[in-house]
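Asker: take this sequence and fold it.
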Amino acid sequence: MVMAGGKREGIRIVDRTILKEIGDRFEIEWRLIGAVVRWFVPSEEIENADAEVQHRLAVANERSGLG
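Answerer: Residues are numbered from 1 along each chain as shown. Prediction:
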């Protein structure tokens, strides 16, 4: 991602919202700079959801040369 002044920064989370509970899963939305990621997360995995998103973003940043 390119910010003002031409400096590239990695993708990062700026906010998280639990939208609704559907059975034993939660629909969670993560706001990123310039984008939104939404996944259904099993209720037993809710505590690890942020760590999983952080890991996926780190992989994406690394692949794009930003990590």
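Asker: the residue nearest to residue 43 when sequence neighbours are not counted: neighbour count?
Answerer: Once flanking residues are discounted, residue 43 sits nearest to residue 24: 4.9 Å by C-beta to C-beta, 6 or more residues apart in numbering. Every residue, glycine included, has its C-beta placed from N, CA and C. As a burial measure, residue 24 scores 8 neighbours (other C-beta atoms under 10 Å).
Asker: what about stretch 37-54, distance to the chain center?
Answerer: Relative to the centre of its chain, stretch 37-54 is centred 9 Å away, using C-alpha atoms, centre = their mean, to the nearest Å.
Asker: so what touches it?
Answerer: Outside stretch 37-54, the residues within contact range by C-beta atoms under 8 Å, 6 or more residues apart in numbering are 13, 16, 19, 21-22, 24-30.
Asker: among the residues you listed, which ones are buried?
Answerer: By neighbour count, with 16 or more other C-beta atoms under 10 Å, those hold 25-26, 28, 30 as buried.
Asker: so what's the residue nearest to residue 43 up against?
Answerer: With contact taken as C-beta under 8 Å, 6+ apart, residue 24 is in contact with 42-44.
Asker: quick revisit: got the contacts of stretch 37-54 as JSON lines, with distance to residue 38 columns?
Answerer: Formatted as JSON lines, the contacts of stretch 37-54 follow (distance: C-beta to C-beta, whole Å):
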{"residue": "13", "distance to residue 38": "13"}
{"residue": "16", "distance to residue 38": "11"}
{"residue": "19", "distance to residue 38": "8"}
{"residue": "21", "distance to residue 38": "14"}
{"residue": "22", "distance to residue 38": "12"}
{"residue": "24", "distance to residue 38": "18"}
{"residue": "25", "distance to residue 38": "12"}
{"residue": "26", "distance to residue 38": "11"}
{"residue": "27", "distance to residue 38": "7"}
{"residue": "28", "distance to residue 38": "7"}
{"residue": "29", "distance to residue 38": "5"}
{"residue": "30", "distance to residue 38": "7"}
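Asker: fine, thanks again, bye for now.
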